[in-house]
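>>> Quick one: sequence and predicted model below, then my questions.
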Amino acid sequence: MTSGIQVDVALTGTAEDGIARRNTRAFRGVMAAFLVHGLIVSTWVSRIAGMKGALHLGDGTLGLSLLGAAIGSVTAIPISGALVTRYGSRRIALGTAVGFCLSLVPLALSNSLAILVPALVFYGMMAGANDVAMNALAVGTERLLGTPTISRFHAMFSLGGILGASVGAAAAARGVSLTAQLLAGAAVTLIIVAVVSRLVVETRTETTHAHARLRRVPLALVALSAIGFCIFLSEGAIADWTAVYLKQVLHAGAGMVPVGYAVFSATMALFRFIGDAITLRIGRAWTIRAGGSIAALGLAVVVAAHTPYAALAGFALAGAGFSSIIPLVFAAGGRIPGVGEGAGVATVSGLGYLGFLVGPPAIGFISEASSLRAGLGLLVVLSVLAVALVGVVQRQGDPNPLS
């Protein structure tokens with residue numbers, strides 16, 4: 001009898017060890033997936049100026065060309081959500097990761113505007129598709145682990161962005177050709193994807209798959225998408241208008257002009273690494289509320305600032321506040337009852353991307369009609385609105401996806 005109990009305990013311990021190893025592999029696989037995504041994005045973004053010079057493009061022509069990437073993303077997002085629902089997040093995440101790596105190749109070979117535009121559309125399609133599949137995989141992996149992890153996953157994207165941008169800047173400074181860098185970036189990221197592909201675990205459940213088709217969109221999902229829209233619009237506006245605000249309104253020196261967005265990005269990356277610990281302590285809903293409130297305070301400081309240093313402090317607060325909101329909103333979208341992970345993430349991210357597109361021109365229009373301070377004031381309002389929408393999600397979600 002005693003020996004039987006010992007055998008049962010030994011078998012149980014072995015099974016638990018196997019589950020623990022699988023969960024560790026799954027966590028590392030998703031962390032690597034987000035790192036790769038950030039590396040690819042920043043590898044391209046860091047050399048946009050080089051492409052502009054190589055093809056002798058004007059500002060307007062370049063802006064219209066870059067719109068191709070946005071069109072590609074918005075087009076691919078709902079398709080990717082449907083594919084994730086049908087085939088599972090692991091297969092689509094890995095397939096689109098390979099496609100995203102390869103999207104750097106036609107960009108590297110673009111020697112005319114006629115080639116660059118379709119190359120950017122393809123790049124945008126792979127970026128949007130991989131974003132949805134990767135976040136759906138992250139939601140499933142977080143559920144598998146049973147503890148908040150989504151913020152750390154997004155922190156790896158930020159880290160990849162910092163690394164890729166640093167390499168790109170160093171390559172440009174040393175005269176490395178744009179073509180060589182983009183091709184090398186494609187090769188390196190492909191190798192990383194191949195190495196970590198064995199770590200990625202399928203997380204789809206049959207229940208989620210069976211109920212993936214919706215007759216109506218749940219109000220909780222609409223509210224989450226609205227939060228994503230507010231935050232993405234704000235992030236896009238900060239990315240495009242921070243330097244202009246520091247230079248034209250606060251008369252910052254040339255060396256300080258780029259620091260605003262760098263400070264915003266740095267605090268966002270830092271707080272994403274500790275965001276899961278904060279979420280574990282105060283809960284998902286209160287993490288979003290606190291983040292939105294801190295971001296609103298920081299942006300209010302920016303709008304009221306009369307010196308560049310005060311504005312930098314405000315941008316730092318905004319980065320810290322925004323850091324965990326999008327990861328948590330994506331994750332909550334993938335936990336809506338009756339909605340597949342892919343469909344939920346696709347809905348939230350699709351409307352979020354629209355906010356990212358709308359934000360910069362909206363600030364421009366307000367600035368033309370009034371002032372840039374007034375334009376950035378819109379971001380304060382949107383941050384407060386995001387906080388208020390958390391209550392809508394909690395009232396309409398059953399069970400509450402932010403619990």
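Nice, I can see it.
>>> Which elements pack onto the helix or strand harbouring residue 43?
Using DSSP states H and E, residue 43 sits within helix 2-45. Counting contacts by 3 or more C-beta pairs under 8 Å, 6 or more residues apart in numbering; DSSP states H and E, helix 2-45 packs against helix 89-102, helix 104-108, helix 113-145, helix 150-173, helix 178-196. Any C-beta I mention is one placed from the backbone N, CA and C, and that applies to glycine too.
>>> Just tell me which of the ones you listed ends up closest to residue 339.
In terms of C-beta to C-beta, the element of the helices and strands packed on helix 2-45 nearest to residue 339 is helix 113-145, at 11.0 Å.
>>> Would you mark the buried spots in the closest one?
Residues of helix 113-145 classed as buried by neighbour count (16 or more other C-beta atoms under 10 Å): 116-117, 119-144.
>>> Follow the chain on from the lowest-mean-pLDDT helix or strand in the chain and name the next helix or strand.
Lowest mean confidence among the helices and strands of the chain (mean pLDDT, DSSP states H and E): helix 206-210, at a mean of 45. Using DSSP H and E, the helix or strand that follows helix 206-210 in sequence is helix 219-244.
>>> and that following helix, what's its mean pLDDT?
Averaged across helix 219-244, the pLDDT comes to 89.
>>> OK, contacts around the residue nearest to residue 66 when sequence neighbours are not counted?
Ranked by C-beta to C-beta, 6 or more residues apart in numbering and with sequence neighbours excluded, the top spatial neighbour of residue 66 is residue 120, at 6.6 Å. If you count contacts by C-beta atoms under 8 Å, 6 or more residues apart in numbering, residue 120 has them with 65, 66, 68, 69, 72, 107.
>>> Look up how far residue 81 lies from residue 120.
Counting by C-beta to C-beta, to the nearest Å, the separation of residue 120 from residue 81 is 22 Å.
>>> Which residue is the nearest non-sequential neighbour of the most centrally placed residue in the chain?
Centroid-nearest residue in the chain, with C-alpha atoms, centre = their mean: residue 154, separated by 6.4 Å. Leaving aside its sequence neighbours, residue 154 sits nearest to residue 327 (C-beta to C-beta, 6+ apart; 4.2 Å).
>>> Would you enumerate the residues in contact with the one you found?
Contact partners of residue 327, counting by C-beta under 8 Å, 6+ apart, are 150, 151, 153, 154, 272, 275.
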